Every structure is written in structure tokens, then in C-alpha cells.
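S.K.: The sequence and its predicted three-dimensional model are supplied below.
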Amino acid sequence: MECRELTERVMDRLTGEAEASPEMEAHLARCSACREELSRLERAWETLGEDPDAEVSPTLREDTLALLEEEMIRRRIREFRPGRSLRPRRGLLQAAAIVAAVAGGYLAARLGVKGTPASSAGSSPVAAAAVLPDLSAQPRLSNVAYTPADAQGRIGISFDLTDRRQYVARPEDPEMARLMAYLLARNPDTPAEKSRAIQQVSESYGGGTLAEPSPEIVRALTTTLRKDTNPGVRKKAADALAGLPVTAESRAAFLEALRADSNPAVRLVAVEVLARAAREAPDARTIESLRERAVDPRENGFVRAKAASALQGINF
Amino acid sequence: MPEGRGALSATGADDAKLIERIRRGDTDGAAELFERYGTAILRFATRMLSDAGAAEEVMQEVFLKVIGRCHQYDGRAAVNSWLFAIAANACRDRRRRDRRAVVVPLEAAPEPIARGEAAEMRMIDRERRDAVRKALASLSEEQREALILARYHGLPYAEIARVLGISVGAVKTRIFRAVETLKSRFAEGDTQWNAAN
């Protein structure tokens, strides 16, 4: 073995490619220059080990896992192509629209607010303290009736306590907002009562009205959407929320409804609202939820079609 | 410390299953791959770039690319080799984008101020660590890639050749030249250190 050859063998040994051979040992025993070279190479190799290893910090780990999860969702969405069977069929959608219109008319007729405008109801606006009971004591307000807005935009809510009372104010009035949230969340005994309260909220705050619902009202609606046992009431709450600006709270409630609500009509509203929100501000979780509905063979055909169609309109 | 020859290949079949799971859209598969190789890729990138922040970004970039390219993985190379190949390319791209990272060695983590012999020993350790980092940074990119994969990740020549897309002979040459350079640098350092003391 020559000295040049030995250097190569030493490197192979350092990198673990080869073991020391008797031939190599014999050469080292008789060549001091190679022994010195071996020692220098080994020292250099060992010295490299003094560079400490970097570690993945808990924060980096957490961030990276979140990033990867997000990317996996993005990839699934990018690869998603709704099949022909998932596209909405014109005839079916028209039929659905007719059914919805009939049902809406029936509900409106059944639950719609009756009465004369507040200004002509015979009661003049009064101070809240004089009319409203302490709502924190959770009093039972019975025979609740709603009076449509007058020329000044004031609505009226009448109810029986120990006597008949009416509170008249604009929807943005804080006491009016509290009263409505209370009637939504605490007071109703029957689905019809709750539906009427939701209807009033829709008329007062939704559909392009200028009044903004209070967080209490939004919370009452989202709680109703999430927890009310009556599917019709949940649908009503979903419709009311759909007419309001989407908040983080309402988006979360719709995501939950889309995933778990047993009423397909509720899920349909959830698809519409979430798709609209995703078009304005794409959000991976929302899109993934829509995708899941679009491809789930167990999902209702309308909901699947609507979800598939919604996904196509989102630039993600 | 090197990660150990064979330690990675022993999990080769599992790795391929992980890639298959990622292909099917399984998020847990991507998380598991990261848990398995995140540290190795971070260490590789840290030594290649001499910049901790850039290395972290590259490490994340590598796993994002794996998700995007999992359909391209054909199983011919081990998954860890494939990851290192992506990492090596990502480091080259990064260095092209950020030239400053080429020569700036890593700043050692700040250490508490100590006095006496312990402080002196710590200072010596730190100086030696810095010397190693500077020495690594002084190598050509090609030499550094091959050396880091061999020295710190325990990859055999054939695996390194696959990662870097070069012949086994070229791998040996690069590693040998790298160690030759380092040998001289460390010898100079020892001389200076001994002279100063």
C-alpha cells in the first residue's frame, strides 16, 4: 500500500464506508508521515463534532405543524374538482326555489309580525326604566307582540308582565337591543315565540338595514343555531344570521352547522353564508368544510351541489 | 453527532407509507414526517446557511415542498435522501436570494456571564465552536453539502451521490478536499491558540 492510497482509506474509515484493514495497519506501523496525517485527519473530523446541533424549538414545531396542516388543506382544495353529478341541475334548483318560496310564504303568513306601525299603536315612546323590568331577574314576558317600524324607524315590543306594557325605540337603542336579545335567548317557551323573536331581529337588523345588531343578539342567534332542538327554529336563526355581517362567532356557528346540523335546509344556508365569507376573505378551514360537503356521498344532493358550485366561485 | 448509518434506512418502508398517506391527503402523515425528519433537515440547513432564521424557513419550505411534490416521489431513493435533496436545492436557492448568508457565521447563543475557571472554559468552548462554524462556512458549497451529509447525518457515499446528483467518486473527492481544507484551518487555529497562551 502507498501513502496516497492510505489517505483515501482513512477517509473511508472516518465516513464509515470501510473498516481498518490489516494492510493499512501494517503501513501505518512503518510510516510515521502517514501516522501523522492520520492523526491530523482524525482530529479535523473530531473537531467538526464541536459544532452543536440545532434543535427544533417548541414554537418552531408548533408553527411548522400549523403550516403543514394549512398546506394539506390547500392541496386538497387545489386538487378538488367537482364531478358532473355534483353540479347543480337547473330543474332541481328551480324546484328547490319553489319549495323554499312556498315554505317561506307559509312561515311568513304563520309567524309574520302583525300590527300597526309603532307610532300609530296608541302608545308614545316612554323611558326604558319605566317600562322594562329588570331582565337580569329573568322575568317571564308573555303575549309578546311586535309592532313594525314607524316613520322614525322605531319599533315597538309589547308584553304582559303584571300589566300590559310597550317599549318603543329604534333597533340600535341599547335597551331595545337588550330586550330583543332577552326575547331571543331567555324568554321563549315555544318554537313559535322564538321564531317571532328571530323574525323581528331579521327585520330590524338584517337585509341592508342600517342598524347593527348588538353582540348579545348575535350570540343569542348563534346559540339558537347551535343548540335549539327545533330544526325550523335553527333554520330561522340561520336565515337571520345570514342577513347580518359575518363575524368570527357566526362563522364558527355556521361551520358547526354545516358539519353537524341534521336539517339540510340549515346546512344549505350555512353553505351560502360560508361561501360568501370565503369569497371575501378566503379561509382554509371554511373551504375545506365546503369541500367535505361537496364530496360526501351521504350529503343531501342540494347541499352537495351548492357546496360544489360555491367552491368554483372561490379564488383560492 | 452523526445520526447513524442505517438508522434512517431502517425506517425506509415506513417513510414510503408516510409519503403515500400525504398523497392521500392525510395531514397526520405530513406531521409525522416532520416529526421524524424536521430536526435533521433543520441541522442540515443551519450548517449550510450559517443563519438560524433562514435555516428555519428553509426547513419549513422543505416540508411544504414535500406536500406539493409527493406525487413525484417514485420510491427509487430513500425518503430521507429525497428530503435532503430538496433541502440542498432549497439552501442553494436561499443563498442565491440572500447573499449575506454565505459568509456570515452563526452567532453563538448568548450565554450567562460567569467568572473564574468555568467562564474561561466556556469562552474556549465558544471560540472553538465559532472556529468550526467559520471553517465550515469557508468551504465551497459543494464541499460543504457533501461533508455535512457524511459527517453530521451519517449518509453513505452512494446516498450522498443520489442526494446531490453526482457520482460516488465526486462525493469522495469533495469530502476529501473539504477535510483537507479543514485540517489545515484547524491546525492554524491550534497554533494561534497555543501561541496566544
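M.R.: That came through fine. The model shown is predicted, which means the values in this text are computed figures rather than measured ones. Numbering: from 1, shown residues only, chains lettered A, B, ... in the order given.
S.K.: pLDDT weak spots in chain B?
M.R.: Low-confidence segments of chain B, defined by pLDDT under 70, span residues B:1-12, B:99-124, B:189-197.
S.K.: which residue sits closest to the spatially most central residue of chain B, ignoring its sequence neighbours?
M.R.: Of all residues in chain B, the one closest to the mean position by C-alpha atoms, centre = their mean is B:Phe44, 1.6 Å from it. Leaving out its chain neighbours, the residue that sits closest to B:Phe44 by C-beta to C-beta, 6 or more residues apart in numbering or on different chains is B:Ala87, at 5.4 Å. Bear in mind the C-beta positions are built from the backbone N, C-alpha and C, glycine included.
S.K.: was I right about the one you found contacting B:Val58?
M.R.: Yes - under the contact definition of C-beta atoms under 8 Å, B:Ala87 touches B:Val58, with a separation of 6.8 Å.
S.K.: Go ahead and report the secondary structure state at the residue nearest to the centre of chain B.
M.R.: When states are read from DSSP: H, G, I helix; E, B strand; the rest coil, the local structure at B:Phe44 comes out as helix.
S.K.: What residues of the longest helix anywhere in chain B count as buried?
M.R.: If each helix of chain B is counted by residues according to DSSP state H, the longest one is helix B:168-196. Judged by neighbour count (16 or more other C-beta atoms under 10 Å in any protein chain shown), helix B:168-196 contains these buried residues: B:170-172, B:174-183, B:185-186, B:189.
S.K.: Farthest pair within those?
M.R.: When the buried residues of helix B:168-196 are compared pair by pair using C-beta to C-beta, the farthest-apart members prove to be B:Ala170 and B:Gly189, with a separation of 28.4 Å.
S.K.: Which parts of chain B are helices?
M.R.: Counting by DSSP H, the segments of chain B that form helices are B:12-23, B:27-49, B:52-69, B:79-97, B:116-138, B:141-151, B:157-164, B:168-196.
S.K.: Between helix B:79-97 and the third one, find me the angle.
M.R.: The one in question is helix B:52-69. Using axes from the mean of the first three to the mean of the last three C-alpha atoms, to 10 degrees, the direction of helix B:52-69 lies 120 degrees away from that of helix B:79-97.
S.K.: Then the shortest one?
M.R.: Here helix B:157-164 runs at an angle of 50 degrees relative to helix B:79-97 (the same axes, to 10 degrees).
S.K.: If you check the stretch 101-250 of chain A against chain B, which residue is the closest one?
M.R.: Checking the stretch 101-250 of chain A residue by residue against chain B with C-beta to the nearest C-beta singles out A:Ala248 as nearest, at 22.8 Å.
S.K.: List the contacts of that residue.
M.R.: With contacts defined as C-beta atoms under 8 Å, 6 or more residues apart in numbering or on different chains, A:Ala248 is in contact with no residue.
S.K.: near chain B, anything from stretch A:49-65?
M.R.: Yes - part of stretch A:49-65 sits close enough to chain B to count as contact by C-beta under 8 Å from any C-beta of the partner chain, namely A:49-56, A:60-61, A:63-65.
S.K.: want to throw those residues into CSV with neighbour count and secondary structure?
M.R.: Rendered in CSV, the data for the residues of stretch A:49-65 next to chain B read as follows (neighbours: other C-beta atoms under 10 Å in any protein chain shown; DSSP: H, G, I helix; E, B strand; the rest coil):
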residue, neighbour count, secondary structure
A:Gly49, 13, coil
A:Glu50, 14, coil
A:Asp51, 22, coil
A:Pro52, 15, coil
A:Asp53, 14, coil
A:Ala54, 19, coil
A:Glu55, 12, coil
A:Val56, 19, coil
A:Leu60, 16, helix
A:Arg61, 16, helix
A:Asp63, 13, helix
A:Thr64, 22, helix
A:Leu65, 17, helix
